[in-house]
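Q: Mind folding the following:
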Amino acid sequence: MSGRKLLMGMVGGGRDAFIGGVHRAAAHLDGQVNLVAGCFSSDPEKARLSAEDFFVAADRSYSSYEEMAEKEASLPVGERIDFVSIVTPNFLHAPVAKVFLKKGIHVICDKPMTTTLAEAKELKKVADESAALFFLTHNYTGYPMVKEARERVRKGELGRILKVVSEYPQGWLLDSIESEGQKQASWRTNPKKAGASCCIGDIGTHAENLGHYITGLEIESLCAEFTSFVEGRELEDDGNLLIRYKGGAKGVLYASQISAGEENNLSIRIYGTEGSLTWYQEHPNELKFIPKGQPAQILRRGNDYLSEEAQRFTRIPFGHPEAFLEAFANLYLEAFRAIRDRLDGKEPEQPYDIPGMKDGVYGMAFIEAAVQSAASNEKWTPFPDLA
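A: Take a look at the predicted model:
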């Protein structure tokens, strides 16, 4: 059954859409898929032109995602899409995912999973009742050196984790470019499309997810401050958080979209009783490891001294940079492995290393707690109940 290319559909991501192009490139990087169907835009003409751009047949370019799910599900396996990638603005993630999950079609969804925690819990119920799989593209977990960091924490090389410091500064929203019609800014700063948060919901979730993925720590409570520095902007463009983790570790998280000169400077530092780790997204092939009382070590992607997990997700020899697209593609590879196992009725040879529904619910709980804390005069806000 799985000895063929998987058939991919896409909702959103029409011509000129940044993240749609990233998903398509990542999905195709290993030659395992064909994009055969899509509802690429709510604008019929743009949807039609996008289908032509992507060489999708006219009869499988749909005017609505509901029509797409209905017609694709009516086709036999091997002709219908095996999965759909959802690359719309945030407010459409849940409704689109629900429709396809209910039709038994696997879903790969961009983050954040939904716009509210209640919506995330509702989507989880739909996924639990569906035969289809759900994956969430927290793409920074796909970097080999992030996986190396997690393996070293798991093996106890840092000892007991004491502090997690994560930062994600950007500068692209320093001016009110949404008022000039800039597409990416327009929906991200609009609460009807982005949800209750702009900066934390868009990039702060990546900083939080990175710490959670590497350390396994869960948040107990947090204290957040949000600021909208640009006059007239409804949602925050800067956020600062103090975090208390279960077990006693502490965290500091800073995310900003008004930090002049910053591009995409995601970083994380993890401090334990026996050493520390530092990783910068803009220099993703290196991981800094400092054992207690010893000189710093710079670990580099592609070398055989790294863990099996880091090497499993390394595509090219050391000295040849790997970065953003390859990390995304690593998530798609794991999703493809899970989908092929499901098609073949096989149990996985090893656990799938890709975020899913649990991560999506946790991420929305983080955003909700941060929003509540920022709106409150209380110092600490308990983390929401995930049940």
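Q: And the strands in the protein?
A: Taking DSSP state E as the criterion, the chain contains strands spanning 6-12, 33-39, 83-87, 106-110, 134-137, 161-169, 219-227, 238-245, 250-256, 267-272, 275-280, 286-291, 297-300, 381-382.
Q: Relative to the centre of the protein, find the outermost residue for me.
A: Residue farthest from the centre of the chain, counting by Cα atoms, centre = their mean, is Gly293 at 35.7 Å.
Q: of all the strands of the chain, which gets the most neighbours per residue?
A: Among these, ranked by average contacts under mean count of other Cβ atoms under 10 Å, first place goes to strand 83-87 (a mean of 27). (C-beta placed from N, C-alpha, C; glycine too.)
Q: which neighbours does that strand have in its sheet, and in what orientation?
A: Counting by DSSP bridges, the strands paired with strand 83-87 are strand 6-12 (parallel), strand 106-110 (parallel).
Q: what are the ranges of the helices in the stretch 251-387 of the chain?
A: 308-312, 324-344, 357-374 (DSSP state H, counting those that start in this stretch).
Q: most packed of those helices?
A: helix 357-374 (a mean of 23).
Q: and the angle for that helix with strand 219-227?
A: Going by axes from the mean of the first three to the mean of the last three Cα atoms, to 10 degrees, helix 357-374 is angled at 50 degrees with respect to strand 219-227.
Q: Tell me the gap between helix 357-374 and the middle of its chain.
A: 14 Å (Cα atoms, centre = their mean, to the nearest Å).
Q: Show me what it is packed against.
A: helix 117-129, strand 134-137, helix 205-215, strand 219-227, strand 238-245, strand 381-382 (3 or more Cβ pairs under 8 Å, 6 or more residues apart in numbering; DSSP states H and E).
Q: Grab the CA positions of that helix and hand them over as PDB.
A: This file holds the C-alpha atoms of helix 357-374, laid out as PDB (Å, rounded to 0.1, in the frame of the first residue of the first chain):
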ATOM      1  CA  MET A 357      -2.600  17.300  19.300                       C
ATOM      2  CA  LYS A 358      -1.200  17.200  22.900                       C
ATOM      3  CA  ASP A 359       1.400  19.900  22.000                       C
ATOM      4  CA  GLY A 360      -1.400  22.000  20.400                       C
ATOM      5  CA  VAL A 361      -3.600  21.900  23.400                       C
ATOM      6  CA  TYR A 362      -0.600  22.700  25.700                       C
ATOM      7  CA  GLY A 363       0.400  25.600  23.400                       C
ATOM      8  CA  MET A 364      -3.000  27.100  23.600                       C
ATOM      9  CA  ALA A 365      -3.000  26.700  27.400                       C
ATOM     10  CA  PHE A 366       0.200  28.700  27.400                       C
ATOM     11  CA  ILE A 367      -1.200  31.500  25.300                       C
ATOM     12  CA  GLU A 368      -4.400  31.700  27.300                       C
ATOM     13  CA  ALA A 369      -2.500  31.800  30.600                       C
ATOM     14  CA  ALA A 370      -0.200  34.500  29.200                       C
ATOM     15  CA  VAL A 371      -3.100  36.600  28.000                       C
ATOM     16  CA  GLN A 372      -4.900  36.300  31.300                       C
ATOM     17  CA  SER A 373      -1.800  37.200  33.300                       C
ATOM     18  CA  ALA A 374      -1.100  40.200  31.100                       C
END
